[in-house]
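Asks: this is a predicted model, with the sequence first.
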Amino acid sequence: MEDDDSTSLGKQLVFRETGAPAEVLGMETDILISRSPEPGDVLVRILAAPLNPADLNTVEGTYGVKPPLPATPGIEGCGVVEASGSPDFSPGDRVIFLRRASTWASHTSVPGDVLFKLPSAIDPLQAAMLKVNPATAWQLLHGFTALEKGDFIVQNVGNSAVGRCVIQLARDLGIRTISFVRRESLFGELTALGADHVFLDDESGPVAAKEVMAGANAALAFNAVGGESALRLMKLLREGGTHITYGAMGRKPVTIPNGLLIFRGIEIRGLWVTRWIENAPLEEVRAVYQDLAARVAAGTLVQPVDSTFPLEDFQTALARLDAPERSGKVLFVP
């Protein structure tokens with residue numbers, strides 16, 4: 001519904017206080033949107049936006065970054081430029097957002113320097129998931145140790161979105177992956193994706209991993225669980241290897257045995273991809289996303305999609321996140 005030539009009406013999800021997303025989120029409609037962006041700004045119509053754990057934590061008030069309220073969630077998404085006050089973007093360009101951009105909405109207006117222009121033929125659902133998980137996997141593989149072809153990496157939650165991206169990128173780089181998961185039913189699926197070895201994330205897993213490494217040890221370990229799972233990864237690292245935590249799904253701390261630090265020289269690191277995006281040189285960030293976007297467009301880097309919902313069905317979308325049979329991301333398609 002048009003108001004006049006310079007404005008239009010949109011919609012967005014908003015929370016005015018922190019709490020359980022299903023309780024504090026609400027839909028706002030008839031939001032007046034300026035179609036004449038300020039100089040440097042770009043008006044983007046959202047094509048797809050995933051529901052990420054970080055989004056839920058932001059609404060709950062438990063995330064490391066707390067936006068001023070009221071706020072619209074959405075740390076990533078894909079959209080099409082509708083109006084531009086930036087010389088770098090034109091109407092019709094497909095873009096993703098490299099900074100938090102309130103994407104659980106029909107439209108958002110952002111400075112042009114937070115956007116990245118995509119290949120025109122890219123799938124918008126896959127593009128909407130490009131910012132966080134593929135970039136996290138890329139940094140895990142490139143940001144800590146110079147890996148050589150044939151090196152091993154070990155990771156838990158190999159079936160997670162990041163884990164799947166690690167498998168696909170490592171496959172193309174010639175890096176061998178050992179992934180630990182909680183269910184045997186995932187073995188074949190991840191092997192078909194390019195995983196070299198997949199084992200159960202229990203006491204049997206490290207035994208099997210040591211057998212296939214045949215005396216070698218892993219250069220890197222990627223942890224998104226904590227607790228005993230993180231410790232099992234540490235024990236598979238070579239001398240001077242690096243253990244990187246990028247998530248805490250198990251909600252248990254990483255406990256480090258003294259011997260691994262003293263006698264094995266294990267390095268313990270953390271990764272928050274948002275910090276890399278904000279602090280790395282812009283040329284480096286854009287080069288990484290150029291590579292990742294090309295892989296997504298070519299179909300060699302994919303993430304599973306479980307379901308999509310319009311913004312109006314946000315309660316159903318939130319409930320789907322907890323469905324035991326869910327397989328892949330849930331996304332809004334405004």
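Replies: Perfect, thanks for sending it.
Asks: stretch 109-123: end-to-end distance?
Replies: 22 Å (C-alpha to C-alpha, to the nearest Å).
Asks: what residues sit buried inside that stretch?
Replies: 109, 110, 112, 115, 116, 117, 118, 122, 123 (16 or more other C-beta atoms under 10 Å). Yep, even glycine has a C-beta here, placed from its N, CA and C like the rest.
Asks: next one: stretch 314-326
Replies: Quick answer for stretch 314-326 (16+ other C-beta under 10 Å): 314, 317, 318, 320, 321.
Asks: which members of these occur in helices, if any?
Replies: 314, 317, 318, 320, 321 (DSSP state H).
Asks: would TSV of these with distance to residue 154 be doable?
Replies: Below are these laid out as TSV (distance: C-beta to C-beta, whole Å):
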residue	distance to residue 154
314	37
317	34
318	33
320	31
321	28
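Asks: which SS state does residue 247 fall under?
Replies: Assigned state for residue 247: coil (three-state reduction, DSSP: H, G, I helix; E, B strand; the rest coil).
Asks: residues in contact with the one helix or strand residue 31 maps to: which ones?
Replies: Per DSSP states H and E, residue 31 falls inside strand 25-34. Applying C-beta atoms under 8 Å, 6 or more residues apart in numbering, the external contacts of strand 25-34 come out as 3, 6-16, 43, 59, 73, 105-107, 109, 311-312, 314, 318.
Asks: so for the next helix or strand along the chain from it, what's the average pLDDT?
Replies: Going down the chain from strand 25-34, the next helix or strand is strand 41-50, by DSSP H and E. What strand 41-50 shows for mean pLDDT is 97.
Asks: buried ones in strand 41-50?
Replies: Buried, per 16+ other C-beta under 10 Å, within strand 41-50: 41, 42, 43, 44, 45, 46, 47, 48, 49, 50.
Asks: and the helix or strand following it, how far from the chain's centre?
Replies: For strand 41-50, the succeeding helix or strand toward the C-terminus, using DSSP H and E, is helix 53-60. Its chain's average C-alpha position is 13 Å from that of helix 53-60, according to C-alpha atoms, centre = their mean, to the nearest Å.
Asks: helix 53-60 to helix 314-321, inter-axis angle?
Replies: For helix 53-60 against helix 314-321, the angle by axes from the mean of the first three to the mean of the last three C-alpha atoms, to 10 degrees is 130 degrees.
Asks: by how many degrees do helix 53-60 and strand 25-34 diverge?
Replies: Using the same axes, to 10 degrees: helix 53-60 against strand 25-34 is 100 degrees.
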